[in-house]
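J.: model this:
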Amino acid sequence: MFKLLKNATVYAPEKLGVKDILIWEDRVIKIGDGLSLPEGHEGKEFDLTGKIIIPGIVDSHVHITGGGGEGGFTTRTSEITFEEIAESGVTTLIGVLGTDGYARRVKDVSVKCMALREEGFECYFLTGSYTYPIETISGSVAEDIIFNPYCIGTGEIAHCDHRSSIMTYEEMRRVCADTRNGARLAGIKGAVNVHLGNYPDPADYFIRMCEEDITFRPLIIPTHITRKDYVFDSCMKFWEYGGQVDITAGGSGDASQHSYGSVQALEMIWKKYGTLERVSMTSDGNGSAPVWDELGNMIGMGKGSCKVLLADLKKAAQNGVIPVEEVLKTMTTTPAKNYGLKTSAGKIVEKGTANFCILDEEFNLRETILNGKAVWAAGKGVINHG
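T.: Numbering: from 1, shown residues only. As a prediction, the model looks like this:
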C-alpha cells in the first residue's frame, strides 16, 4: 500500500524544508512538493503539518545483549528489547559486547543481532570485548569478519581503563591490523571501536599507529571521549590528525570531575572548528553506567538508554548554537560512514528504506517508522510489532 506523508519539515539529514514523502511498502518513492497518491492504487494520506521528519537514528554503540557485571552478578544489565529500541527512534544499530568477555560471548551478540534483524531493524555487530586476547567466535578476528556478513569490525576493546587488559601498543596494533585485513578480504570498510577510560593521553597509541601506517586512520573510533577534559583534548589531537571520534550522548558533565557534557563538547568543537565532520554520537544503550570510588570500587550502577540521542538532539536544537542538521549528522550519516554501511541508513533518500522519526515542533518523538510502518507511537507504545 502507498502512504503519503504531507507537509512535514524534512531533515534528510540536510534540511529540505516542508516536503511530502511518498512511500510504497518499505521504500521511499518520491520526495517533493504537492505530491499525490497514485491514481488507481490503494493508499493512505497523513497530514503532518507542524511535524518534523528525520532519518531513523543510527546508534553504533549498543550493548544489545546487556553489559555490566562489574559489581557482581546482580549488576549485569539486561539484553535490549524491541520497545527500548523503537521508543528511542533508532532503526539501525551496531551491537557490542563490552566489559564481560568471560560469562558473555560474541556468539550471543551475533544471535541477538540476527533476532533484531528478524524484527526489522538494520543491525550489525562487532567481535571482541574489553578482554585481551580478543574474544571471538571463530578464534580469529579476521575470520569473524570474513565469514559473518553482519560482523563489521572489532570492539568494544578497552584502552586506558582499569577494567581493560591493559593492551600494549603492539597488541592493539595487531588487533587493528587483523581487523583491517579481515575487512579488506570481506570487501568492507572495517572499524575498531575503542572504549576509553580516564588514563592520560589515550590517543597517543592511535596517532603513533597512523604515523607508522596511515591506513589505520579511518579504522580507529575512540569513544567516551568526554569523560575527562584531558581525554577529550587527547582525542581531539587524533581528530585534528584526520581521525574520527565518538561522543557518548546523555552526559551532563561535571567541572569538579573535569568532564564535559555531550552537547557541551559538540558545541565546543563547533565553535572552535566550525564543523562536526567525523564526530559521531552514540548511546552506550543497555550498557552499565557504574560509579566508582577513588580505588575503583563500584559504589553505584545505572543502565544506558538509546533515548539519550534524541534527548541530546532536542537540547542542542534548543541551545541553537549548532544547526540542527549538523547535530543530526552525528547520529545518522556520520556513524553510517564511520562503519562503512552500504545501505541508506541515516538518510531519507528516494529508493532508500523508509526508516524515519516523526517529531513534534519541540523535537519530542511522536512516532518511529520502521520499514514504512509505524512501530511506536507516543502515548501508545509499541504498535505493529510481529
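J.: Enumerate every residue touching the closest residue to residue 260 other than its chain neighbours.
T.: Spatially, and ignoring its direct neighbours in sequence, residue 260 is nearest to residue 226 (4.2 Å; CB to CB, 6 or more residues apart in numbering). Using the backbone N, CA and C atoms, a C-beta is placed for each residue, glycine as well. Contacts for residue 226 (CB atoms under 8 Å, 6 or more residues apart in numbering) come out as 232, 247, 248, 251, 253, 259, 260, 261, 262, 264, 265.
J.: pLDDT of the helix or strand harbouring the last one, averaged?
T.: Pointing back at residue 265 there. Counting by DSSP states H and E, the element that carries residue 265 is helix 262-273. Mean pLDDT, helix 262-273: 98.
J.: Output the contacting helices and strands for that helix.
T.: In terms of contacts (3 or more CB pairs under 8 Å, 6 or more residues apart in numbering; DSSP states H and E), helix 262-273 is packed against strand 245-248, strand 279-282, helix 308-319.
J.: number of nearby residues for residue 216?
T.: Applying other CB atoms under 10 Å, we find 21 residues neighbouring residue 216.
J.: Contacts only, for it.
T.: Counting by CB under 8 Å, 6+ apart, residue 216 has contacts 173, 176, 180, 206, 209, 210.
J.: which two from the residues you listed end up farthest apart in space?
T.: 180 and 206 (13.7 Å; CB to CB).
J.: picking up where we left off before, can you give the contact residues for the helix holding residue 265?
T.: 225-226, 232, 236, 247-251, 253, 260, 275-276, 279, 281, 308, 312, 315-316, 319, 321-322, 326-327, 330.
J.: which of those count as buried?
T.: 225-226, 232, 236, 247-251, 253, 260, 276, 279, 281, 308, 312, 315-316, 322, 326-327, 330 (16 or more other CB atoms under 10 Å).
J.: picking that back up, rebuild the contacts of residue 226 as JSON lines, extending it with distance to residue 5.
T.: Shown next, in JSON lines, are the contacts of residue 226 (distance: CB to CB, whole Å):
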{"residue": "232", "distance to residue 5": "39"}
{"residue": "247", "distance to residue 5": "31"}
{"residue": "248", "distance to residue 5": "32"}
{"residue": "251", "distance to residue 5": "33"}
{"residue": "253", "distance to residue 5": "37"}
{"residue": "259", "distance to residue 5": "40"}
{"residue": "260", "distance to residue 5": "37"}
{"residue": "261", "distance to residue 5": "34"}
{"residue": "262", "distance to residue 5": "30"}
{"residue": "264", "distance to residue 5": "34"}
{"residue": "265", "distance to residue 5": "34"}
